[in-house]
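*Asks:* With the input below, show me the fold.
(2 chains)
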2 protein chains.
Amino acid sequence: MIQSPNGVVIPRTVTLQLDQGGFVLESGKTLPEVTVRYEMYGEINQAGDNVILLLHAFSGDAHAAGLHHDADRYPGWWDDMIGSGNAFDTDRFCVICSNVLGGCQGTTGPGSTNPQTGQPWGMTFPVITIGDMVDVQYRLLRQIGVNTLYAVAGGSMGGMQALEWAVRFPDMVQRAVVLASTARLNAQGIAFNAVGRNAIVSDPAWNGGNYYDGPHPTRGLAIARMVGHITYLSSESMRLKFGRRLQNADGAKLDLEDQFAVESYLEYQGEKFVDRFDANSYIYLTKAMDYFDLASSWGGLDAAMARTRSRFLVLSYTSDWLFPTDQSKEVVYALARAGKDVSFNEVVSPYGHDSFLLEATLQRELIRAFLSGGTV
Amino acid sequence: MIQSPNGVVIPRTVTLQLDQGGFVLESGKTLPEVTVRYEMYGEINQAGDNVILLLHAFSGDAHAAGLHHDADRYPGWWDDMIGSGNAFDTDRFCVICSNVLGGCQGTTGPGSTNPQTGQPWGMTFPVITIGDMVDVQYRLLRQIGVNTLYAVAGGSMGGMQALEWAVRFPDMVQRAVVLASTARLNAQGIAFNAVGRNAIVSDPAWNGGNYYDGPHPTRGLAIARMVGHITYLSSESMRLKFGRRLQNADGAKLDLEDQFAVESYLEYQGEKFVDRFDANSYIYLTKAMDYFDLASSWGGLDAAMARTRSRFLVLSYTSDWLFPTDQSKEVVYALARAGKDVSFNEVVSPYGHDSFLLEATLQRELIRAFLSGGTV
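*Replies:* Predicted coordinates:
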């Protein structure tokens, strides 16, 4: 039986209280209704100043820690970073994580029902941005009575949200932990996202995004995931984990069926993913990452960083080639030029982009130290 | 009008003279008939000792130099390395390049007709290896009267063939030029190939490989090419070439149609590729690369290299992350341990794996110097 120091956690769902006009997005379009799924670990203190908002990555969700029931085999995605005495110390902090806008794990997204038609949104869902995700989180927090954040923290797309939080709501964010992330995706990252979207829309079952009452585009989504998965690992970690090992122990048969272990692994990852992820969400969330550009949104990166009033911890990882160290440094230098309080560390890790999910030992100490001390 | 110093070149096609049993492959299976397309630049000398065999990469073909007709818009793939006074000097050498076994540009492959059925082979084509490709080249050369090679030269999959030549036919190869290559593909390379094959076989038009009389799996093949193309470039070259530039000059519209320049470029590359490449060849040739492993085929890399009697020039490229420098060094160290004559250079180039096709200036001098001097 799987154990988690965070025990069984019950997800919560709230519907945002919106003006008559609905939720206005960065594109100018509106959503008539927004529902948000979130989880909470630890308790809000009397002063209401001990809340840490965790921001999940592209394929993550609100389930950051604990189990959903006693027989649950998979704890939340950052279970080994959250809990009593851990980096995100639930004895001290109230840790909140919500599923992003556009997602498919309980928050409004393209797979949700459009209340005006009674049908799934599909591709009629408006384009959403990292800014829109953060705006939804802001309204969620205000609605549940949280007015200040001890910290925001996230890796990859979660790091983008952490940066956006610090820039968009500078008075509310005291600390920002930005892991394996960037102020803007580079051309290679955009290219990999484009391949994933192409794989999805080329699957005939995708059907222009209208597949919710029929077969889903599982092949296209699985291929998108396979490409993504390669980019989350490093060449070194793949060498260590698989090398040129064949699936069949008795050596290469020199036929087309014979598979290398790495092939079977990728196919398994692809197949597993389609059970839990919506293909249209893949399209909308990758597009949000592509469009994210703090520099162009705020009149330059320096101007964006000048707005912030948080302390920053920025971590990159030596083997991360998808969000390489140079991109973290771009953020760090801009913060430094703006005279902000920023700590930076390039963590030595072989696990590629996934290091922020896997390299708990080193990261735990760096984050714990950063979060120590009282309210700024 | 496009000019080429190599003028108009007429491809030649020969059918190999085989024993009754046909062409026996490494797998033990046989091909009843093998046809080979090749091109020739320069003249064989009286002594017959001035032939250089060029070995093309995965998506290359026999058309290494010159134009196919006066209005041809695309010269051969290494036109800027071949010609009078060039690295592969046609005043001095007879340069030959043939399309590989399993290919789709005139040499027998899965798109060829199986003479026993009168139908295209499709997936009934036997698995072929880099060794089989080299064996076909060997027979072609012997059949046209070439008994010794001044040099073999190739990049990427062409470099694999160059290494195989030096190991398999040590007495015939005097020099081997091995560019951006490896003695065995790493796990990441195998993984990217697996994604490409998955994209193809997931296209319903692929139809188990039987598509030659109907619509071809163009979407699947285009996606495979898009993935491949990203791996042939470097992150730096993509940044320089595209950055975050949008296809529409008037800025992000925040909708799903809006494209970054790098997306449009990749889609164009994918679409262009399907006009000239056969999806089944994609499957067979990537599988041949995956299986290539000089170490496991010859009782260890040292044992393989000990067989060789050539001089070697090995070049890697700083920004090549698909066939990184470490893999070239593995070959170089094994050659050095075996006491062989090997020159190695890591060429500084931003163009990624494609550098061996693009970085003509530096490469030209290194190859020219290596090929200077007489018969060993």
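
*Asks:* in the stretch 1-150 of chain A, which ranges drop under the pLDDT threshold?
*Replies:* Scanning the stretch 1-150 of chain A for pLDDT under 70 picks out A:1.

*Asks:* near chain B, which residues of it?
*Replies:* Counting by Cβ under 8 Å from any Cβ of the partner chain, the stretch 1-150 of chain A comes close to chain B at A:26-27, A:123, A:127, A:129. To be clear about C-beta, it is placed using only N, CA and C from the backbone, and glycine gets the same treatment.

*Asks:* Please repeat the previous calculation with a cut-off of 7 Å.
*Replies:* Contact residues, the stretch 1-150 of chain A versus chain B (Cβ under 7 Å from any Cβ of the partner chain): A:26-27, A:127, A:129.

*Asks:* For residue A:154, which three-state class applies?
*Replies:* Three-state call for residue A:154 (DSSP: H, G, I helix; E, B strand; the rest coil): strand.

*Asks:* Burial check on it, number of neighbours?
*Replies:* Residues within reach of residue A:154, counting by other Cβ atoms under 10 Å in any protein chain shown, total 28.

*Asks:* One more: the one 10 residues further on?
*Replies:* Residue A:164 has 27 neighbours, counted by other Cβ under 10 Å.

*Asks:* roughly how far apart are it and chain B?
*Replies:* Separation of residue A:164 from chain B (Cβ to the nearest Cβ, to the nearest Å): 15 Å.

*Asks:* Give me the phi and psi for that residue.
*Replies:* When read as degrees, to the nearest 10, the backbone of residue A:164 gives phi -60, psi -40.

*Asks:* residues in contact with it?
*Replies:* By Cβ atoms under 7 Å, 6 or more residues apart in numbering or on different chains, the residues touching residue A:164 are A:130-131, A:134.

*Asks:* Which residue is the nearest non-sequential neighbour of it?
*Replies:* Using Cβ to Cβ, 6 or more residues apart in numbering or on different chains and skipping the chain neighbours, the partner closest in space to residue A:164 is residue A:134 (4.6 Å).

*Asks:* So what's the residue count around the one you found?
*Replies:* For residue A:134, the neighbour count with other Cβ under 10 Å is 25.

*Asks:* same thing with residue A:48?
*Replies:* Residue A:48 has 12 nearby residues by other Cβ under 10 Å.

*Asks:* For it, grab phi and psi.
*Replies:* Note on residue A:48: backbone dihedrals following degrees, to the nearest 10 are phi 70, psi 20.

*Asks:* Same check on the one 3 residues further on?
*Replies:* Phi and psi for residue A:51, reported as degrees, to the nearest 10, are phi -90, psi 130.

*Asks:* same thing with residue A:43?
*Replies:* Backbone torsions for residue A:43, taken as degrees, to the nearest 10, come to phi -120, psi 140.

*Asks:* Spatially, what comes nearest to it if we skip its sequence neighbours?
*Replies:* Closest residue in space to residue A:43, ignoring its immediate chain neighbours: residue A:94 at 5.6 Å, by Cβ to Cβ, 6+ apart.

*Asks:* and the one you found, what are its phi and psi?
*Replies:* Main-chain torsions, residue A:94, degrees, to the nearest 10: phi -100, psi 110.
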